[in-house]
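Peer 1: Sequence and predicted structure below; questions after.
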Amino acid sequence: MHGDPRGCRSRRHRIHSSGDYKNPPRPNEHVHLRTWMQVRLNGTVALPPRTRRVVAREFVRVCDSMPVRALALSVAATHVHLLAGLPRLFDFDRKLVGACKTLSSRAIRSDLPGAVCSRGHTVVPIADRRHQLATFRYISQRQERSASLWTHLQGFQTRP
C-alpha cells in the first residue's frame with residue numbers, strides 16, 4: 001500500500017520511501033499519503049441523490065435483461081436493497097450483482113469517478129410468503145429519506 005510504514009514504492013518509482021521492510025523509513029514519512037490511501041480503501045462512498053436514480057435504473061435494466069424478476073429496489077446513500085426472484089443456478093447471484101455493480105458504476109462515472117461499489121454482497125433466501133411481504137415492505141417503505149425506490153407495482157419514486 002502506498003504510504004505503508006514499512007516502506008513503499010509506486011509504479012516506476014514515482015513515489016519512493018527511504019526504507020524497506022528490514023530498515024523501515026522514518027515514522028512520519030509519507031503520513032499524508034498513508035492517510036489518503038486509508039480513506040480511499042476503507043472510506044464509504046455516499047451517492048448523491050441525483051445519482052441514486054441512475055443506479056436504480058441500471059439495476060432494473062440488468063434484471064430485465066436476465067432471467068430475474070425484480071420486485072422491489074431501493075438505492076440509498078450507502079447501500080442498495082433488491083428483492084428479486086432468482087433462478088436456482090450455482091453462483092447466479094454473483095453474476096447478477098456483478099453486472100449491476102459494473103453497469104451502474106459506469107453510468108455514474110462522470111459524477112463519481114473511481115471505485116463506487118464495495119466487494120461482496122449478502123443474499124438472504126426468502127423463506128415463505130410472509131417473509132417475502134415483510135421484505136417488500138421494508139425495501140419500499142422503511143428506507144432513508146431521498147432514497148430512490150422502484151417497485152414492480154409503482155415504478156420509480158423518491159422517498160420524501
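Peer 2: The structure has been received and is ready for your questions.

Peer 1: Just list the residues touching the spatially most central residue of the chain, thanks.
Peer 2: Per C-alpha atoms, centre = their mean, the C-alpha nearest to the average position across the chain is that of residue 117, at 2.7 Å. Going by C-beta atoms under 8 Å, 6 or more residues apart in numbering, residue 117 touches 101, 104, 105. Bear in mind the C-beta positions are built from the backbone N, C-alpha and C, glycine included.

Peer 1: And for residue 84?
Peer 2: By C-beta under 8 Å, 6+ apart, residue 84 lies in contact with 63, 68, 69, 70, 71, 96.

Peer 1: Buried among these? Make that a ChimeraX selection.
Peer 2: Selecting only the buried entries of those in ChimeraX, with 16 or more other C-beta atoms under 10 Å as the criterion:
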select :63,68,70,71,96
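
Peer 1: Residue 144 - nearest residue in space that isn't next to it in sequence?
Peer 2: residue 76 (4.9 Å; C-beta to C-beta, 6 or more residues apart in numbering).

Peer 1: Model confidence score at residue 57, please.
Peer 2: Note for residue 57: predicted pLDDT of 92.

Peer 1: That one and residue 151: what is the separation?
Peer 2: 14 Å (C-beta to C-beta, to the nearest Å).

Peer 1: I'd like the contacts of residue 117 written out as a markdown table, with neighbour count and distance to residue 138 added.
Peer 2: Below are the contacts of residue 117 laid out as a markdown table (neighbours: other C-beta atoms under 10 Å; distance: C-beta to C-beta, whole Å):
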| residue | neighbour count | distance to residue 138 |
| --- | --- | --- |
| 101 | 20 | 22 |
| 104 | 24 | 21 |
| 105 | 17 | 25 |
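
Peer 1: Just name the closest of those to residue 155, please.
Peer 2: residue 104 (17.9 Å; C-beta to C-beta).

Peer 1: So what does the closest one look like in phi/psi?
Peer 2: Note on residue 104: backbone dihedrals following degrees, to the nearest 10 are phi -70, psi -40.

Peer 1: and the closest residue to it other than its chain neighbours, what helix or strand is that in?
Peer 2: Counting by C-beta to C-beta, 6+ apart, residue 104 lies nearest to residue 58, which is 3.9 Å off, once chain neighbours are set aside. For residue 58, the host element (DSSP states H and E) is helix 49-65.

Peer 1: Can you name the element that comes right after that helix?
Peer 2: Using DSSP H and E, the first helix or strand after helix 49-65 is strand 69-75.

Peer 1: quick one: contacts of that next one?
Peer 2: In this structure, residues lying in contact with strand 69-75 by C-beta under 8 Å, 6+ apart are 47, 52-53, 55-56, 59-60, 63-64, 80-85, 135-136, 139-140, 143, 147-152.
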